[in-house]
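[1] Make a model of this:
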Amino acid sequence: MADTAGQADIRGIDINKLVEGFAEEGIVLKNFCRVTKAGARELRWYQKTAGFLTGPTTTGITTTLINNTDSKSLPVAIEPSYTRTTSYVKKYFAESPLISLEDLNDSDPDVWADMIKDIARAVNYQVDARIYTVMTAAGAQTGAATADGWDDTATGDPILDLTTAEQQIRAQGYDTSGLVLYINSIEYKNLINWVISVKGSSIPAFSSEKVKTGVMMELLGMKIVVSENATTDQAVVFVPNKAVTWKEFMPLSTAVIDDPGIGKKVRVWAEGEAIRPNPNAVYVITDTVV
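    This is a model prediction of the structure:
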């Protein structure tokens, strides 16, 4: 049937080809790791057993023999000891389904661009998650949040928790001038509420580095990074480029697999493993949410 003015079949349609629906959160934890090349898939690395060397003690002598040595006496022999550790490279691997030439040519959304971007982000997300798992594994310094945690405005004290973390890392001999606080959005909300609403402080300045590093702001000299990769009910303070090393066997790579006359798909992969040679450069604050 023929249509006249105002009827649906002859109206124009404004098609938005920009597909949205999910936020594009930055995947940034790898930026704070020391990245080195892995020459093989089996990684052997060594960790010092102690920080400061001290002399052996003996019966009746409990202080170090290095201090106050008698004249003409022999020096005490001291040496470092090491723990050998073996890790293995992990592969992060994903691909798109085969997309037909017809769909590539006449789909309203830019399916191909979205596919490449989102699959690469998915692989990177898993790399970030692995770094976080290794960083917070058993052996790192840890302590519970004050009283009932950051969401309890009456008894919680996140500033005390953060300064405790800084002091404990400093006590191990690490430079704490550029610490990173890595937290979930829930901890971030509770921290900001405590600082501003409870204590009445002015809003901390937001960092211009957020676009490329994920840093939201600085507090107590710490760069605050907020990510949904971070587990809620804990906050992690660490020394960047010291706490975790990413051993990269293969960097993030993409390949287009073309099936002439039929379609194509994209494949993305990366290979590497996170190691934590300096567990004392990490402090995990637990029980931040009641």
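[2] Quick one: the helices in the stretch 151-290 of the chain, in order.
    For the stretch 151-290 of the chain, the helices defined by DSSP state H, counting those that start in this stretch cover 158-171, 185-192, 210-213.
[3] Can you say which of the ones you listed is packed in most?
    helix 185-192 (a mean of 20; mean count of other CB atoms under 10 Å). For every residue, glycine as well, the C-beta is placed using N, CA and C.
[4] tell me the mean pLDDT over it?
    Mean per-residue pLDDT for helix 185-192: 94.
[5] Quick one: list the elements packing against that helix.
    Judged by 3 or more CB pairs under 8 Å, 6 or more residues apart in numbering; DSSP states H and E, helix 185-192 is in contact with strand 222-226.
[6] So which other helices or strands are in contact with the strand it packs on?
    Short answer (3+ CB pairs under 8 Å, 6+ apart): strand 222-226 packs on strand 180-183, helix 185-192, strand 215-219.
[7] now for the helices of the stretch 151-290 of the chain, which one comes closest to residue 86?
    Ranking these by proximity to residue 86 (CB to CB) places helix 158-171 first, at 26.6 Å.
[8] need the contact list for the closest residue to residue 101 other than its chain neighbours.
    Nearest-residue entry for residue 101: residue 263, 5.3 Å, with adjacent residues in sequence omitted and distances by CB to CB, 6 or more residues apart in numbering. Each residue near residue 263 by CB atoms under 8 Å, 6 or more residues apart in numbering is listed here: 98, 99, 100, 101, 103, 104.
[9] ok, now which ones touch the fourth one?
    Spelled out, that is residue 101. 261, 262, 263, 264.
[10] now the end-to-end length of stretch 44-59.
    End-to-end distance of stretch 44-59: 38 Å, with CA to CA, to the nearest Å as the criterion.
[11] What residues of it count as buried?
    For stretch 44-59, a neighbour-count test (16 or more other CB atoms under 10 Å) marks residue 55 as buried.
[12] can you tell me the average pLDDT over it?
    Stretch 44-59 shows a mean pLDDT of 76.
[13] circling back: and the residue nearest to residue 101, bridged to which residues?
    Residue 263 has the following beta-bridge partners by DSSP bridges: residue 100, residue 259.
[14] unless I'm mixing things up, residue 145 is touching residue 164, no?
    No - when contacts are counted by CB atoms under 8 Å, residue 145 is not listed as touching residue 164 (9.5 Å).
[15] possible to save the helices and strands packed on strand 222-226 as a markdown table with distance to residue 129?
    Output for those, formatted as a markdown table (distance: least, CB to CB, whole Å):
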| stretch | distance to residue 129 |
| --- | --- |
| strand 180-183 | 12 |
| helix 185-192 | 16 |
| strand 215-219 | 19 |
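[16] I'd say residue 165 and residue 285 touch.
    Yes - assessed by CB under 8 Å, residue 165 is found in contact with residue 285 at 6.0 Å.
[17] which residues do the two both contact?
    143, 237.
[18] how about low-confidence regions in this protein?
    Filtered on pLDDT under 70, the chain yields the residue ranges 1-26, 50-51, 61-62, 201-216.
[19] Which residue ranges of it form strands?
    In the chain, the segments counted as strands under DSSP state E are 34-37, 42-48, 82-88, 90-95, 99-100, 141-144, 180-183, 215-219, 222-226, 234-238, 245-259, 263-275, 282-286.
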